[in-house]
Each structure stands twice: as structure tokens, then as C-alpha cells.
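> Pasting the sequence and the predicted model now:
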Amino acid sequence: MTALVIRGATLIDPSGERRADVAIDPSGLIVAVEAEIDSAGMGSDVRVIDAAGCVVTPGFVDLHSHLREPGKEEAETIESGSRCAALGGYTAILAMPNTTPATDSAAVVRQVLELGAASLVDVHTSGAITMGRRGDALAPMGEMAALGVRVFTDDGTGVQDDRLMRRAMEYALGLRGRGLPVLLAQHCETESLAEGGHMHEGEWSSRLGIAGQPAESEELMVMRDLALAKLTGAVVHFQHLSTAGSVELVRRAKAAGLPCTAEATTHHFTLTHAECASYDATFKVNPPLRTADDVAAIKAGFADGTIDCIATDHAPHTAESKEAPFDQAPPGMLGLETAMALALTELNLPIAKVFDLLSWKPAQILGISATHGGPIVVGAPANLCVVDPAADWVVDPAASASRSRNNPYRGRAVRGRVRHTVVHGEAVVIDGEAQR
């Protein structure tokens, strides 16, 4: 592997902001962070990256990526999804377990991790809480945790059985006591209220004649899991919060000292249910796009720390499936390549706060701060991205590295672009182009 010098940038990391060059040796470690680095002293085989006018930050970490493999490789593979991630500035992603078969056993975990080892970024996988994500029996979380799985979720569905969710929390506590830092993550959706709904229940669902999901279907499960967290002492992570009520519940829980964290997606702070007026299933997602008030609440949750991180919920689908009628099409949108730009464009936050939401905070939740999302210092693994925060560009789904094209931001003008991505010292993206 070639040595690298990143020259002329501003560094922004958990320790603050400063102007410095960064040198990376072939082992993948940062060997110098200085005002000016003379690459001539590093030997003849050195690649110099000119980052003048750019920002160097720890690589982003996504807690919510659907990579579809195994089972639905026509929509995405681990390789193509990791390529999207690298182009979006991510150096680590967490794959969701709603594959075919579900990631509910050591065998499937091994398959995903083996495929991920050959990809452009670090691919971690979550495991299912219940067998087949059916919600009726716990999956062997201990076996999966022994292989390095740290997050367990039935994402795509919430665990409906209250007693079973309590048992899952108690089991997770037992694993933590054995030195396996397991975290339970919940897709909050009460099926008895949400069943049959294809968008947010409100004025637009009434106008369009599309059955809706009320906000309360999410909020009831948030309430239940907070109560169970209080009862058991287990940590719970709330996935893709979408309503003002959910944000307020988490805000109050954190103020009371309950152990919980939360994420929200880019589409839930950039789009509303009004987008569904086109009947374009590209805008169908689960949880659904909500109201302008909900969007404002998500943004406020980022600003005050109620919501810990931005997740993409990158969910590829084939063109054929998304061309089906709205009530028959699967929910999901692409997100890895546009998340950072949308955050810089739409969130009225300092750039360091945006990077906190994208990088160091999700790295902490996933438990990988030793390798991702940490300070840019000598001896640290070189997992970095270089961002031009002033670059204006227009989203073109046809240019995506994904196998799918269900991107809801076609033609949208955004600001901020990833120029380079470095993963364990290797420049996997240079000047916006993947290198392998």
C-alpha cells in the first residue's frame, strides 16, 4: 500500500479544529500531523492529496444500511453498497439483518462478514433479535455476539411481544456481563395500528386515498421500550425516529437518566408526506415521511442532543419493484451517497456538529471508536474523509454506484461534496472516483 500525505486542509475531529497536514504510512496508521509535512522525507512511493480549501474529518459511520446480500443481490450487494458508502465519505457501515435468509445465525453472520472483508469500507453486521425476525422466539444472540455482532434488531418490524422484548433486554444484559457489549436497536412500529398503512396518516393520506400509519404507531413502542429499559436497566437504541412525539419521549427519558440513544434519517429531516402526492413509490419509506412539524422536531432533536446521530436507512430496491402501485411497492430509499451533503445543506448546524452526528457519535454507539470516529492523531488508524464544504452539485440518481436507482432527491441542489475517502490508509476514493 502506498504512503499518503493529505496537504493543505483544515482538520475537524472530536478534539476541535486546526490547520494541519496528515501523513499516513503503508501500514495504514497516521504517522504525522503537522503544520507542514515534507513528503520527500517519506520515500519515493508517496501519494500527495491536495486538500486545499477542504476539511479532513474522521470517516463517517452509518448505523443503518440495507445491503440486501444474501438473497436480494439484484437490488444491492455488499460490494456495491460499500462502494456507495465510500463515495459518501463512510469508512464503516452497519448492515441490517432483514436479508434472505435473515441474519439470525452464526452461519449468515460469517457469510456477511466474509463478503464485507473484501469491500471498500469496514462492514459490520447486526443480528436479528428473533428467529427469522418473526417476533416469536429469541435468536442465538450469544453465538452471533461471539463473532463480533454488537447490535441486534428486527429492523423492518418491531418486536411486538412485550414479554419477549423484556427477555431480549435481560439476555442482552447477561451478554454484557460476559464482556460482550450488546446493544438492542428497535424499529418502533406497533403493527396493530400501522398494519395496512403505506404513508403517514394525515391530511395527505386522506386527499390521496392511501391508507396511513398514525404517528402513535411509532410512539407507543418508544414508550414501551423506555419503560422496559427502566425496568431492566438495558440500553436501547431507537432507529429512524420520525415523529415529534417520539423525539419528545426520548428527550424526557434522557433527562430522567434512562439509558437510550437514537438516530434519525436524512429523509426524515428533508422530506414530508406531501411528496407522496405524486404517487411515486420512490417516496414510500418505513417509517413514512411525516409532517413539516415532525421535520422541525427532528432538526431540533439533532441540535439539542436528543437524537444522537444521522443514519441513512439506505434501502435499495429494483426499478421494477418501485414502479408498482404505491400500495404494492416496497418501502425504502437510497441514502449513503447523499447524506452528508443533505445534512450540510438542510441542517442549520456548525459543520463540526454535523460531523459529530455522522462520525464520532455513531462510532461510539457501535463501539468502534478505537478505529473510527476518533481524533486525527499520530498512531490512529487512518479512516478519514476529505470534504469540500463549499462544493455545489445536483443529485443525479443515474450516477449512483448502487445497483438500484430509488433516490428521492433527483435534481436537488445540495452543498458539500466528498472528494477523497481513506480506509485503513488506502485511498479508496480519489477526486470523487472509487479506486477499485
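Received, thanks.
> Quick one: the helices in the stretch 251-400 of the chain, in order.
292-304, 319-322, 339-346, 351-355, 361-366 (DSSP state H, counting those that start in this stretch).
> Point out the other helices and strands that the fourth one packs with.
Contact partners of helix 351-355 among helices and strands, from 3 or more C-beta pairs under 8 Å, 6 or more residues apart in numbering; DSSP states H and E: strand 10-13, strand 55-58, helix 339-346. The C-beta positions use only the backbone N, C-alpha and C, and glycine is treated the same way.
> In terms of secondary structure, what does the first one contact?
Helices and strands touching strand 10-13, as assessed by 3+ C-beta pairs under 8 Å, 6+ apart, comprise strand 16-19, strand 55-58, helix 351-355.
> send the alpha carbons of it over as CSV?
Listed next in CSV are the C-alpha coordinates belonging to strand 10-13 (Å, rounded to 0.1, in the frame of the first residue of the first chain):
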residue,chain,number,x,y,z
THR,A,10,-8.5,22.0,7.9
LEU,A,11,-8.9,19.1,10.4
ILE,A,12,-12.1,18.8,12.3
ASP,A,13,-12.4,15.9,14.8
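> Identify the residues contacting it?
With contact meaning C-beta atoms under 8 Å, 6 or more residues apart in numbering, strand 10-13 is reached by 17-20, 22, 33, 54-58, 351-352, 355, 360, 374-376.
> Distance from the chain centre to that strand, please.
How far strand 10-13 lies from its chain's middle: 21 Å, per C-alpha atoms, centre = their mean, to the nearest Å.
> One more: the second one?
Between the mean C-alpha point of strand 55-58 and the mean C-alpha point of its chain there is a distance of 18 Å (C-alpha atoms, centre = their mean).
> Then the longest one?
In terms of C-alpha atoms, centre = their mean, the centre of helix 339-346 is set 14 Å apart from its chain centre.
> Pick the most deeply packed of the helices of the stretch 251-400 of the chain.
With neighbours taken as mean count of other C-beta atoms under 10 Å, the helices of the stretch 251-400 of the chain reach their highest mean count in helix 361-366, at a mean of 24.
> which helices and strands sit right next to that one?
By 3+ C-beta pairs under 8 Å, 6+ apart, helix 361-366 packs against strand 60-65, strand 90-95, strand 309-311.
> Check what contacts the shortest one and list those residues.
If I follow you right, that is strand 309-311. Residues contacting strand 309-311 (C-beta under 8 Å, 6+ apart): 62-64, 239-240, 261, 263-266, 302, 339, 343, 354, 357-358, 361-362, 365.
> now with 10 Å?
Contacting residues not belonging to strand 309-311 are listed as 60-65, 94, 185, 237, 239-241, 261-266, 268-269, 298, 302, 335, 339-340, 342-343, 347, 354, 356-366 [C-beta atoms under 10 Å, 6 or more residues apart in numbering].
> Could you check how far it is from the centre of its chain?
Between the centre of strand 309-311 and the centre of its chain there are 6 Å (C-alpha atoms, centre = their mean).
> One more: stretch 429-436?
21 Å.
> For it, measure first residue to last.
In stretch 429-436, first residue to last residue: 9 Å (C-alpha to C-alpha, to the nearest Å).
> Going by neighbour count, list what's buried in that stretch.
In terms of neighbour count (16 or more other C-beta atoms under 10 Å), stretch 429-436 has its buried residues at Val429.
> List of residues touching it?
So stretch 429-436 is in contact with 47, 49-50, 82-89, 120-121, 385-386, 388, 391, 393, 399, 401, 417-423, 426-428, going by C-beta under 10 Å, 6+ apart.
> Just the ones in helices from those, please.
82-87 (DSSP state H).
> just curious, which of these is nearest to Pro214?
Cys84 (32.6 Å; C-beta to C-beta).
> Chain neighbours aside, what residue packs nearest to the closest one?
In space, Cys84 comes closest to Leu336 once its chain neighbours are excluded; the distance is 4.2 Å by C-beta to C-beta, 6 or more residues apart in numbering.
> and what of Pro181?
That would be Gly367: by C-beta to C-beta, 6+ apart, it lies 5.5 Å from Pro181.
> Leu138 and Ala229, how far apart?
Separation of Leu138 from Ala229 (C-beta to C-beta, to the nearest Å) stands at 17 Å.
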